[in-house]
Structure formats: structure tokens, C-alpha cells
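S.K.: this one's sequence-less:
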Ligand SMILES: [Ca+2]
Ligand SMILES: [Ca+2]
């Protein structure tokens, strides 16, 4: 329970309740970003990618892959492998990558943990095929990776030369990280068919770099440089620059080489120090490179999702590198009132930022959301003229009164479910008309969300009873 956040449930509710009353904005030097809640009620969204089909693809840790239309908020489920996935606490369905030439090779790569035997968990990299509506036909690409209740890595990233990079965790056994014969505690470089690239740094080995504890952020930055984030123990989360074949020090070295033991080890083993370390740990996670002119203040910078640990607040850190990109010049913090932030993706058209929240507590709790911040003045996302929508009003709504549920003609009618923020089902039923009044008698004061589902997908909205 290392990363337990000391925010009480009631304080979170009041934060969320405040959010509901006004549209939030963030003002940078000259750019104003406006908040939009895209989806609510997800179950630990872990990886979120902007796909070539202009949809957001996301994994939920329990073993579900969904596809989200960012214009309308409609979510469809495209894979459910909960029966294959073991997902207590940290493990589960984690990383995802889409094949770079998706039009000709509609392959989706996933990493998940599974029950190998009664007493052991394994982790594997698999490939599914997208047929335009579902993922199917699992093919194992790489198996034999140890998994555990903690430290399962698994961020995936394609290289420009069409290799697949995958981070692996030390599963709580730091000695694995220095053992080149084991796949744990490493950054692996893999041919998409699962074979070992013949130009890897160690002969006949998937290992690209080693000495990692649990890296869950991986991104190309400026000049094609490769960066990773890495969870430390109690101290020394790391932002690393990845250099082929290098040793990143764990478990002897945490963060910089700055104790006598560390200095000796670093000199003897040519250890690559991090660019930056975070002490005490803040639980650094997804890393993306913001390379869009829509937010000039952030153009050319790294954005890092921070789950938050100990007393440190969750946030997105905006990291400015030095001119040679080899050091961190400064860091600023944003979005620090959403609970744990797991993952980020960027809309390549309008420069919007989307992030996935994982609730206030370790390992996760609801209501997990996808939040968008759109640079003001860009027009790709608007409620006017949307084909699909769900509107809920008034919001907040008076206790023991009625709430209006309005669905677009295009989306049509469906089945509704109302959950509280612990994801407990409070009521459900059919919506028979485009405009429906629901009686809220029996709902206590507090935060809820409604999901409406039909054959075309699911829409969601939060609301508050006061
Ligand atoms: Ca290190
Ligand atoms: Ca150190």
C-alpha cells in the first residue's frame, strides 16, 4: 500500500461536486484550456491511445478493451478477456499498442497477467486482430515473463524501425533486474512476430536495457530520443533517457549515483543515471511528448501522468528539457485535483489533452473518468450538432426530485444504470423515450453517474444530488 493517497472519500466528493457546478478552465501564458468530461464509470483505465481511426482506444485493467468516440463520448466494448486475466491489485490487462501500419495490418498488441498455476502469475504479450467492430484471434507473441501482485511494468511502444518495446517490472524481486537471463526488470525489444531482433545489444536476447524496477511510462521525445518513467521504492522515482544496452542500476542504485555504495556500483557497471528523480516517490506513470502548436506553452515538452504517493499530490507534470534535451530544465504541475492520473493521450488534430483518472486510492477506486482539456478556440469538439449525446439536468439536482435524461435521436433509447461513486448499482431500467424524467427518491445526497447502453454503445454522465 505504498502509494496510498491520504484523501478521504468525502473530501473527494466535495472536489467532484465543485467540478460539476462550473466548467473548469486553466489559463497558461496565453492559452486557455477548457475541461470536458468525456466518460465516467470506467474501471481502472490503464492504457489510452489515440488511434488512426480518430477514436481513443483504452484498456481497463480487469480485462476489457474499449473504443471511445471522442466527439460524442460513445464507448463500445471491443474485447472482454476477463476470464483470461488475473487482475487483483496491480496486475491485469495493462499495456496496449496498435500496429504502425494499421490500415494494412490491423493488429492490436496487449499485455496481461494470468494465472500460470495455483501459486504463480505469468505475464504475456499477445496480438489480436481488429475486424472493424471487435478484436479476435489471440496469438501469443511473448510468454514466460514472471508476474506478481506488484511491479508488472508492461508499457508498449513501437519504434520507428517497427520493433516493439515493452517494459517489464521486477515483480518485487530486485535481483531479477540485473540478471540478463531473465525478462523481468527490463526494457525488451521484440520483433512484432515475437522473434528476437538480430541487432539487439545482447546476442540472442530480448533485453534492450536492464536494471529497471518498474517502468510504466515510455515515449519518444524531441530528436527521436527515448524517455521512460520508473517507479522507485520509497524514494527516487525516475525520469530516464533510454540508451541501448545500458544498466539503470536497480536494485543497488536508486535514482542518482550519490551514496558510496551506489558510486562504486555505477563506476563498475557504467550505470545510466536518471535525468531527474522524485523523492519521496510520487508514482510516476505514463509519459507523452506534446508536439502540437495548439498549446505553444507546452510544445516540445514531456507530459508525465503522476498517480501520487505518500503526501505528494497526483497531477500531470509538464517537463521542460534543456536545449540539448539531455537534462531537465524545469517542471510544472497541472490537473492536481482529479485523484490518481494514470494515462494521457493527445488529439493530433486540435491538440487536446485527454487523461484517465484512477480514483483517489491505491490501487484504484471509482469513479474513473476520461477528462479532456481542449485549447479554447479550437472547434472540433462541441455539443452543438452532435449526432450522439446524453444530457442530464438539472445538475446538481435536488434530493428526492426528478432528473431529466435526454438522448439524441441518433443514439436512440437504451438501458440505463445509475451508480454511486463506489461503482455500486443504485437503480436501473429501460429508457423508452428520448426525453425521460427519472425519479430519484431513495438516492442520498452525493455523487452518481448514469450510463445508457444500447447496440450502438454506451454514453455516461455524472450528476450530483444535493
Ligand atoms: Ca535507475
Ligand atoms: Ca541514489
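M.R.: Here it is on my side, so go on. Because the structure is a prediction, the values reported are computed rather than measured. Residues are numbered from 1 along each chain as shown. Ligands and ions are numbered 1, 2, ... in the order given.
S.K.: drop to CA atoms for contacts and neighbour counts, all remaining ones
M.R.: Will do.
S.K.: what's the neighbour count on the residue of the stretch 301-450 of the chain found nearest ligand 1?
M.R.: Closest to ligand 1 within the stretch 301-450 of the chain is residue 327: 15.1 Å, counting by C-alpha to the ion. Using other C-alpha atoms under 10 Å, residue 327 has 16 neighbouring residues.
S.K.: could I get the contacting residues of it?
M.R.: For residue 327, the contact set (C-alpha atoms under 8 Å, 6 or more residues apart in numbering) comprises 275, 276, 321.
S.K.: got those residues as TSV, with distance to ligand 2 columns?
M.R.: As requested, the contacts of residue 327 are exported to TSV (distance: C-alpha to the ion, whole Å):
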residue	distance to ligand 2
275	12
276	11
321	21
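S.K.: which residues of the chain lie near ligand 1?
M.R.: Where the chain comes near ligand 1, counting by C-alpha under 5 Å from the ion, the residues are 248, 249.
S.K.: list the helices and strands the longest strand anywhere in the chain packs on?
M.R.: Assignment by DSSP state E gives strand 135-147 as the longest strand of the chain. Under the contact criterion of 3 or more C-alpha pairs under 8 Å, 6 or more residues apart in numbering; DSSP states H and E, strand 135-147 touches strand 75-80, strand 120-130.
S.K.: and the angle for that strand with strand 120-130?
M.R.: For strand 135-147 against strand 120-130, the angle by axes from the mean of the first three to the mean of the last three C-alpha atoms, to 10 degrees is 150 degrees.
S.K.: partner strands of strand 135-147, with direction?
M.R.: Next to strand 135-147 in the sheet, as set by DSSP bridges, lie strand 120-130 (antiparallel).
S.K.: which of the residues in the strand it pairs with are buried?
M.R.: 121, 122, 123, 124, 125, 126, 127, 128, 129, 130 (16 or more other C-alpha atoms under 10 Å).
S.K.: just to revisit the earlier point, how about the helices and strands packed on strand 135-147, which one is nearest residue 218?
M.R.: Taking C-alpha to C-alpha, strand 120-130 is the member of those nearest to residue 218, at 16.4 Å.
S.K.: coming back round to it: so how far is the longest strand of the chain from its chain's centroid?
M.R.: Centroid separation for strand 135-147 versus its chain: 20 Å, with C-alpha atoms, centre = their mean, to the nearest Å.
S.K.: for stretch 260-276, same thing?
M.R.: Relative to its parent chain, stretch 260-276 has a centroid offset of 30 Å by C-alpha atoms, centre = their mean.
S.K.: for the protein, which spans come out with low pLDDT?
M.R.: Along the chain, the model assigns pLDDT under 70 to residues 1-22, 310-311, 366, 378-386.
S.K.: please redo it, this time with the cut-off set to 80
M.R.: Applying pLDDT under 80 to the chain flags residues 1-23, 309-312, 360-367, 377-386.
S.K.: state the distance from the spatially closest residue to residue 339 that is not a sequence neighbour to ligand 2.
M.R.: Among residues not flanking residue 339 along the chain, residue 360 sits closest, at 4.5 Å (C-alpha to C-alpha, 6 or more residues apart in numbering). Between residue 360 and ligand 2 the computed distance is 29 Å (C-alpha to the ion, to the nearest Å).
S.K.: list phi and psi for residue 360.
M.R.: phi -80, psi -20 (degrees, to the nearest 10).
S.K.: neighbours of it, how many?
M.R.: Counted with other C-alpha under 10 Å, residues neighbouring residue 360 total 27.
S.K.: excluding sequence neighbours, find me the nearest residue to residue 99.
M.R.: Closest residue to residue 99 apart from its sequence neighbours, by C-alpha to C-alpha, 6+ apart: residue 107 at 5.4 Å.
S.K.: cool, residue 27 as well?
M.R.: Leaving aside its chain neighbours, residue 27 sits nearest to residue 33 (6.4 Å; criterion: C-alpha to C-alpha, 6+ apart).
S.K.: give me the residues contacting stretch 181-193.
M.R.: Residues from elsewhere that reach stretch 181-193 (C-alpha under 8 Å, 6+ apart): 141, 144-146, 162-171, 174, 176-178, 196-197, 200, 206-214.
S.K.: again, but for stretch 46-66
M.R.: For stretch 46-66, contacts defined as C-alpha under 8 Å, 6+ apart pick out 42-45, 67-70, 75-87, 91-98, 102, 112, 342-347, 356.
S.K.: which residue would be the closest one in the protein to ligand 1?
M.R.: residue 248 (4.3 Å).
S.K.: pretty sure that residue is touching residue 272, no?
M.R.: Yes. With contacts counted by C-alpha atoms under 8 Å, residue 248 reaches residue 272, the gap being 5.2 Å.
S.K.: is the residue nearest the centre of the chain in a bridge, and if so with what?
M.R.: Per C-alpha atoms, centre = their mean, the C-alpha nearest to the average position across the chain is that of residue 343, at 2.6 Å. Beta-bridge pairing for residue 343 (DSSP bridges): residue 356.
S.K.: what sits against it?
M.R.: Counted by C-alpha under 8 Å, 6+ apart, residue 343 has contacts 45, 46, 47, 48, 285, 286, 287, 305, 355, 356, 357.
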